[in-house]
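Chemist: Just need the structure, nothing else, for what follows:
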Amino acid sequence: QVQLVESGGGLVQAGGSLRLSCAASGRTFSGYGKGWFRQAPGKEREFVAAVTWNGDTTYYADSVKGRFTISTDNAKDTVSLQMNSLKPEDTAVYYCAANPVGSPTNPYRYNYWGQGTQVTVSS
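Modeler: Numbering: from 1, shown residues only. Got it, this is the predicted structure:
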């Protein structure tokens, strides 16, 4: 069983940056594809970004393309999300996930999830 733990969330002003990290414990997740999702109050969980296990291919939601960057470090068994030019609409709980079966943009395809980290962007 893989346990995922996110870190790096917080409060930031619009236009600022944050870097989220997700580390695995219990078992390595270096061989898995990984993704980041977010969920705002009253909304469904939505796809943010995903990366293949070796980092060769990345996927982004249109709303974050050009502002967010996902990366994976298999030596450290981590996946990160660099978020720049943050907007108030980016406010949500951010979750990392691993081992998608099928589409990496579909949250229902992931087997492992972290507990989430809050990101709040003030205007």
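
Chemist: do you know how far the residue nearest to A24 when sequence neighbours are not counted is from T28?
Modeler: Of all residues not flanking A24 in the chain, D77 sits nearest, at 4.9 Å (Cβ to Cβ, 6 or more residues apart in numbering). Where you see a C-beta, it was placed from the backbone N, CA and C, and this is true even at glycine. Distance, D77 to T28, using Cβ to Cβ, to the nearest Å: 5 Å.

Chemist: Kindly report the same for V93.
Modeler: 25 Å.

Chemist: strand partners of the helix or strand encompassing Y95, parallel vs antiparallel please.
Modeler: Following DSSP states H and E, one finds Y95 within strand 92-100. Each strand paired with strand 92-100, and its direction, by DSSP bridges: strand 34-39 (antiparallel), strand 110-113 (antiparallel), strand 117-122 (antiparallel).

Chemist: one step back: so between V93 and T28, which is more surrounded?
Modeler: V93 (18 against 11; other Cβ atoms under 10 Å).

Chemist: Do you know the pLDDT at that one?
Modeler: At V93, the model reports a pLDDT of 98.

Chemist: Show me the beta-bridge partners of it.
Modeler: Applying DSSP bridges, one finds that V93 bridges with Q39, Q118.

Chemist: For it, give me its contacts.
Modeler: 38-40, 116-119 (Cβ atoms under 8 Å, 6 or more residues apart in numbering).
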